[in-house]
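Trainee: Attaching a predicted model along with its sequence, questions to come.
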Amino acid sequence: MTDPIADYLTRLRNAIGANHRVVEVPASNLKKEITKILFEKGYIKNYKFVEDGPQGTIKIALKYDLANKVCAIKSLTRVSTPGLRKYVGYKDMPRVLNGLGIAILSTSRGVMTDKEAAVQKVGGEVLCYIY
């Protein structure tokens, strides 16, 4: 696997498309940070790190609207790829869905959303857009 972040997003996208309640993904430090951001912003219901084997897994409980059976995550888009990295400065932060979505960035101060990076005045690599 050459791009673990794309694999993570694809697993989430496929689970949402199949209306699964829980999805398991292989763990890494970057994936743990992205999952934590998704939980804090209300895109997933809950998550749990399971230590099994050398790598471990992350169990993610997806969040659905009870009335419509619609997932809280409408779109997951990978922006920066291993072949073409996308970097932005803090003055040029991307606006996802006119400010309603979030962009997740990998900065020198850790993984954070576009709004947090703009407040801290740091730029970085744009990992994905979520809305």
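Mentor: Nice, I can see it.

Trainee: Nearest to the spatial middle of this protein, which residue is it?
Mentor: Most central in the chain under CA atoms, centre = their mean is residue 34, positioned 4.5 Å from the mean C-alpha point.

Trainee: leaving aside the residues next to it on the chain, what's closest to that residue?
Mentor: Nearest residue to residue 34 in three dimensions, chain neighbours excluded: residue 104, at 5.9 Å (CB to CB, 6 or more residues apart in numbering). All C-beta atoms are positioned from the backbone trio N, CA, C, and that covers glycine.

Trainee: Show me the helices in this protein, by range?
Mentor: Assigned by DSSP state H, the helices in the chain fall at 4-17, 29-40, 114-120.

Trainee: Now tabulate the ones you listed in a markdown table and tack on distance to residue 126.
Mentor: Formatted as a markdown table, the helices of the chain follow (distance: least, CB to CB, whole Å):
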| stretch | distance to residue 126 |
| --- | --- |
| helix 4-17 | 11 |
| helix 29-40 | 13 |
| helix 114-120 | 8 |
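
Trainee: just checking, residue 125 touches residue 105?
Mentor: Yes. Applying CB atoms under 8 Å as the test, residue 125 and residue 105 come out as touching, 6.5 Å apart.

Trainee: between those two, which one's more packed in?
Mentor: When residue 125 and residue 105 are compared for neighbours, residue 105 comes out ahead with 29 against 15, by other CB atoms under 10 Å.

Trainee: so what's the more buried one bridging to?
Mentor: residue 112, residue 126 (DSSP bridges).

Trainee: ok, now how distant is it from residue 119?
Mentor: Distance from residue 105 to residue 119, counting by CB to CB, to the nearest Å: 12 Å.

Trainee: The nearest residue to residue 19 once chain neighbours are set aside: how many residues sit nearby?
Mentor: Once flanking residues are discounted, residue 19 sits nearest to residue 69: 7.0 Å by CB to CB, 6+ apart. Residues lying near residue 69 (other CB under 10 Å) number 8.
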